[in-house]
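J.: Sequence first, then the predicted structure:
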Amino acid sequence: MNRPNRWIALTLAAATAWIATSAQAALAVGDVAPAFTAPAALGGKPFDFSLADSLKKGPVVLYFFPKAFTSGCTAEAHDFAEATAKFNALGATVVGMSNDDVATLQKFSVEACRDKFAVAADAGGRIARKYDATFALKPDMADRISYVISPQGKVLFVYSSLNPDEHVAKTMAAVEKWKAAQAR
């Protein structure tokens, strides 16, 4: 194989391994969701987000995203912002989490999240590691993984995909399924 073709083949193999590795890491349905408190922002205002406090109100949709203000993360935040009222009507709280600092997330909460839901800062990726939500080859960055956590603190649903397009629809379906089961 000539040098350019070998380089392309090695690059594709490394990219495939990276994507496959990052998509495999996640807590399983039924696992206990690790409790956490993290600095967060909603509508540009900082506060401390507590998973335990939010679970007292209903299920929590916790989605990890790699980096604020990147195209995929901004599109995903817009999608969650548009769906937040429906999540809230089902009793669910939405919170995004990344390794960005709170100052960045204050701006992101206004511009991308449109003041609809909180985004939490996970400096150093401590929380992402507890949720197996880091990129395998870049553990200081969150992977794109969405969780639905029951009020009892158990993982109800997990969706991991670098493509941001299906996270809202899939987590919404999981929350609707949870809500229907509560009505029985």
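T.: Thanks, I have it.

J.: pLDDT value on the residue nearest the centre of the chain, please?
T.: Taking CA atoms, centre = their mean as the criterion, residue 63 is the residue nearest the geometric centre of the chain, at 1.6 Å. With respect to pLDDT, residue 63 scores 98.

J.: In space, what's closest to it - neighbours in sequence excluded?
T.: In this structure, residue 63 finds its nearest non-sequential neighbour in residue 146, 4.1 Å apart by CB to CB, 6 or more residues apart in numbering. Where you see a C-beta, it was placed from the backbone N, CA and C, and this is true even at glycine.

J.: Which helix or strand contains the one you found?
T.: Per DSSP states H and E: residue 146 is located in strand 145-149.

J.: looking just at contacts, which helices and strands does that strand meet?
T.: Using 3 or more CB pairs under 8 Å, 6 or more residues apart in numbering; DSSP states H and E, the elements in contact with strand 145-149 are strand 60-64, strand 155-160, helix 167-183.

J.: Partner strands of it and their direction?
T.: Take DSSP bridges as the rule and strand 145-149 pairs in its sheet with strand 60-64 (antiparallel), strand 155-160 (antiparallel).
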